[in-house]
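S.K.: Okay, here's the prediction I keep looking at, along with the sequence it came from:
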Amino acid sequence: MKKTILLGMAWIAVLACVSPSSGDESTKAFPYAVTEEARNRELSAAMDRTFNGHEAPHINDNELYTQFKYTKLEGLDYNGGDGTVSRRDPTKVLFEKGKYYVWYTKRETPTKPMGPMGCTETIPSTDWDLSDLWYATSEDGFHWEEQGVAVPRPPKPEPGWRSVTTPGILKWKGKFYLYYQAFMEASGKRGDYCPVAVSWADSADGPWTAANKIVIENGAEGEWDQFSIHDPCPLVHDGQIFLYYKSAFNRPGNVWICHGIAIADTPLGPFNKHPLNPVVNSGHETTVFPFKKGAACLAIRDGQEHFTIQYAEDWVNFQIAAITELLPTAAGPFVPDAFTDTKDGRGITWGISHFTNAGNDWKRNHTVLTRFDCDLSQDVDDPEM
Ligand code: AAL
C-alpha cells in the first residue's frame with residue numbers, strides 16, 4: 001500500500017517538475033495536475049529505467065532502505081588513542097543469559113603498528129596483527145563491560161599462532177562456535193593469505209576449545225578465493241550452516257572484494273563451497289542476515305555495487321534492493337533469528353561496527369567499536385509487504 005502511493009507521488013512530482021507551466025495558479029499547489037502531454041513525454045534513458053526498467057532501488061519506501069546512526073560505546077578504553085589498543089571486526093551480537101554478547105579482534109601491543117618492515121615478534125605490522133579474540137557484555141547495547149580473552153593466539157605452529165582475528169559467531173544445538181582468520185605470518189607479509197579456523201564452547205562465557213585445524217581452506221590455484229578466506233559470517237539455513245566469507249580476486253596486487261558461501265552439515269565441517277561462488281560482487285567485511293524467505297547483505301565500501309543493500313530470496317543470487325550511504329564497517333548486527341533456521345527473517349535494527357582512526361596510514365593506527373542503529377526490519381504492519 002505505502003509503496004504504491006509513494007511511487008505514485010514520485011511520478012506526479014517528477015512529471016510535474018518537467019511539465020510545461022499551464023499558467024493556472026491552482027495547478028502549482030501540491031498535488032500537481034499532470035497533463036496528458038507530460039504523462040506521454042519521451043523519457044531519457046535515466047528516467048526510463050527509473051520508472052519502466054525495474055523498481056527504483058533508491059526509493060526510500062523499500063524495506064531494505066535505511067540510513068545509519070552511530071553512537072559511541074561506553075566502557076571500552078583505548079589508552080588515549082595512541083594506537084597501542086585496538087578493537088575491531090565484531091561478531092554478530094547475541095542475547096544470552098539476560099545480556100548482550102559480542103566478540104571481536106583486540107590488539108594490545110607496546111607500540112602502534114609499524115608496518116611489515118618494522119614488525120617483530122612483539123611489534124605489530126598492521127592494526128590486526130598480534131591480536132586475540134576478546135568479548136564484552138552489555139545490558140543495553142550502549143554500555144559494554146569487557147570480560148577478557150575468549151580465544152588466545154595458540155602456540156606456534158598451530159593455526160593462528162601469529163594472530164587470531166575477525167571472528168564470526170555461530171550457535172548450534174546449544175553450543176557456541178567462533179570462526180576466525182588464523183594468521184601464520186605477519187599481516188602485510190604473506191599473513192593475510194590466511195584460512196579460517198574454529199573454536200567451540202558450551203557457554204557464551206567459554207572456556208573455548210580450539211579445534212586446531214583449518215575448517216575453510218583457501219581456494220585452489222587460479223580460483224577467485226585462492227589467497228584468503230576472511231570475515232566468516234555463519235547463519236543457519238535449511239538445516240545447514242551457511243557461512244558467508246570474503247575473498248579477493250587477484251591478490252596480491254589489485255584487490256577486488258567478493259563474497260562467497262561455504263556450506264556444512266555440522267560446525268566443524270567439512271565445508272563445501274557453493275558452485276556459484278562468488279555470490280556478491282562488492283562490499284568488504286561480510287554482514288548477512290535472514291530477511292523474509294531470503295538473506296540480505298550490506299555491500300559496504302568496495303566494488304561497483306558499493307553502498308548497496310542486497311537481497312537473495314534463495315540466499316545465493318543477490319540483487320540490489322537499495323542504495324544508501326555511510327554503511328557500517330564490519331557490522332555485527334543483533335540478529336535474533338540468525339540461527340533459528342527461520343523462513344521469515346525479521347531483519348535488524350542495531351549492532352556493533354567499527355571506525356578506524358586513519359592517521360597517515362589506515363592499517364597502522366587503531367580502530368574503535370561503535371554502535372549503529374538502522375531500520376532494516378520487516379514492515380510488519382503493512383499488509384501488502
Ligand atoms: C578487515 C577484514 C579482515 C582483514 C582485515 C582484518 O577489514 O576484512 O580482518 O583481514 O581487515
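M.R.: Here it is on my side, so go on.
S.K.: Please tell me how far whichever residue of the chain sits closest to the ligand sits from residue 332.
M.R.: Nearest to the ligand, among the residues of the chain, is residue 166, at 3.7 Å (Cβ to the nearest ligand atom). Using the backbone N, CA and C atoms, a C-beta is placed for each residue, glycine as well. Separation of residue 166 from residue 332 (Cβ to Cβ, to the nearest Å): 10 Å.
S.K.: Could you do residue 65 as well?
M.R.: 21 Å.
S.K.: what does residue 74 give?
M.R.: The value you get for residue 74 to residue 332, if Cβ to Cβ is used, is 18 Å.
S.K.: between the two, who's got more neighbours?
M.R.: Between residue 74 and residue 332, counted using other Cβ atoms under 10 Å, residue 332 has the larger neighbour count: 27 against 12.
S.K.: List the contacts of the residue nearest to that one when sequence neighbours are not counted.
M.R.: With Cβ to Cβ, 6 or more residues apart in numbering as the criterion, residue 332 has its nearest non-adjacent residue at 3.8 Å, and that residue is residue 90. Residue 90 is in contact with 102-104, 330-332, 351-354, 369, counting by Cβ atoms under 8 Å, 6 or more residues apart in numbering.
S.K.: List the backbone torsions phi and psi for residue 90.
M.R.: phi -70, psi 160 (degrees, to the nearest 10).
S.K.: got it, and residue 36?
M.R.: Dihedral angles (degrees, to the nearest 10) for residue 36: phi -60, psi -40.
S.K.: Any figure for the gap between it and residue 43?
M.R.: 15 Å.
S.K.: For the two, indicate the residue with more neighbours.
M.R.: Between residue 36 and residue 43, counted using other Cβ under 10 Å, residue 43 has the larger neighbour count: 15 against 7.
S.K.: Check the secondary structure at the residue nearest to the more buried one when sequence neighbours are not counted for me.
M.R.: Nearest non-adjacent residue to residue 43, counting by Cβ to Cβ, 6+ apart: residue 51, 7.0 Å away. Following DSSP: H, G, I helix; E, B strand; the rest coil, we place residue 51 in the helix state.
S.K.: can you tell me how far residue 51 sits from residue 79?
M.R.: Taken as Cβ to Cβ, the span from residue 51 to residue 79 is 54 Å.
S.K.: And these two? Which one has more around it.
M.R.: In this view residue 51 and residue 79 are compared by other Cβ under 10 Å, and residue 51 has more residues nearby, 15 against 11.
S.K.: pLDDT at the residue nearest to residue 43, what is it?
M.R.: pLDDT, residue 51: 71.
S.K.: Check the one 3 residues further on too.
M.R.: Taken from the predicted model, the pLDDT recorded for residue 54 is 59.
S.K.: likewise residue 237?
M.R.: At residue 237, pLDDT is 98.
S.K.: Give me the most central residue, the chain.
M.R.: residue 287 (2.3 Å; Cα atoms, centre = their mean).
S.K.: tell me the SS of residue 270?
M.R.: Residue 270 - assigned by three-state DSSP - is coil.
S.K.: what about it, neighbour count?
M.R.: 12.
S.K.: again with residue 261
M.R.: The burial count for residue 261: 27, using other Cβ under 10 Å.
S.K.: these two touch, right, it and residue 272?
M.R.: No: using Cβ atoms under 8 Å, residue 261 is not in contact with residue 272; the gap is 9.4 Å.
S.K.: circling back to that earlier point, what helix or strand does the residue of the chain closest to the ligand sit in?
M.R.: Residue 166 belongs to strand 163-172 when assigned by DSSP states H and E.
S.K.: Adjacent strands (with direction) for the helix or strand following that strand?
M.R.: For strand 163-172, the succeeding helix or strand toward the C-terminus, using DSSP H and E, is strand 175-183. Strand 175-183 has the following sheet partners, assigned by DSSP bridges: strand 163-172 (antiparallel), strand 196-201 (antiparallel).
S.K.: buried ones in strand 175-183?
M.R.: 176-183 (16 or more other Cβ atoms under 10 Å).
S.K.: quick one: low-confidence ranges for the stretch 1-150 of the chain?
M.R.: 1-32, 50, 53-60 (pLDDT under 70).
S.K.: near the ligand, which residues of it?
M.R.: By Cβ under 6 Å from any ligand atom, the residues of the stretch 1-150 of the chain that approach the ligand are 89, 128.
S.K.: Helices along the stretch 1-150 of the chain, start to end?
M.R.: With DSSP state H, counting those that start in this stretch, the ranges of helices along the stretch 1-150 of the chain come out as 2-18, 36-39, 45-48, 115-118.
S.K.: Cheers, nothing more for now.
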